[in-house]
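> predicted model and sequence follow; I will ask about them next.
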Amino acid sequence: IIAPFNFPLEIPVLQLMGALFMGNKPVLKPAEKCALVMEQFLHLLHDCGMDKNDVDLLNCQGPVAESLILNSNIRLTQFTGSSRVAD
């Protein structure tokens, strides 16, 4: 789940809950400008009893995110952005 900078918590949380509900292990990649928002959210989930191995957090920049998107072992990448970003 690649999170946008302008909605760093709302959109990824909705996507995260759906992924977890369906039995997947999501990888969250927050926008570089607001990576701490998602890190703090995951800390709250862990404090509420969620296992630390249920979700992976990937703080990185462009080249690593691109390799994540192009990885053939990853069946679905979910992100919110412009059509330019999708290309």
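Sure thing, it's come through.
> can you pull up the most central residue in this protein?
residue 28 (2.1 Å; CA atoms, centre = their mean).
> hang on, it is in a helix, isn't it?
No. Using DSSP: H, G, I helix; E, B strand; the rest coil, the secondary structure at residue 28 is strand, not a helix.
> show me what contacts it?
Residues in contact with residue 28 (CB atoms under 8 Å, 6 or more residues apart in numbering) are 1, 3, 12, 16, 38, 42, 55, 56, 57, 58. To be clear about C-beta, it is placed using only N, CA and C from the backbone, and glycine gets the same treatment.
> residues near residue 2, how many?
21 (other CB atoms under 10 Å).
> right, I mislabeled it, should have said residue 21
Residues near residue 21, counting by other CB under 10 Å: 8.
> and the residue nearest to residue 53 when sequence neighbours are not counted, which helix or strand is it part of?
Distance criterion CB to CB, 6 or more residues apart in numbering; nearest residue to residue 53, sequence neighbours excluded, is residue 25 at 7.9 Å. Under DSSP states H and E, no helix or strand contains residue 25.
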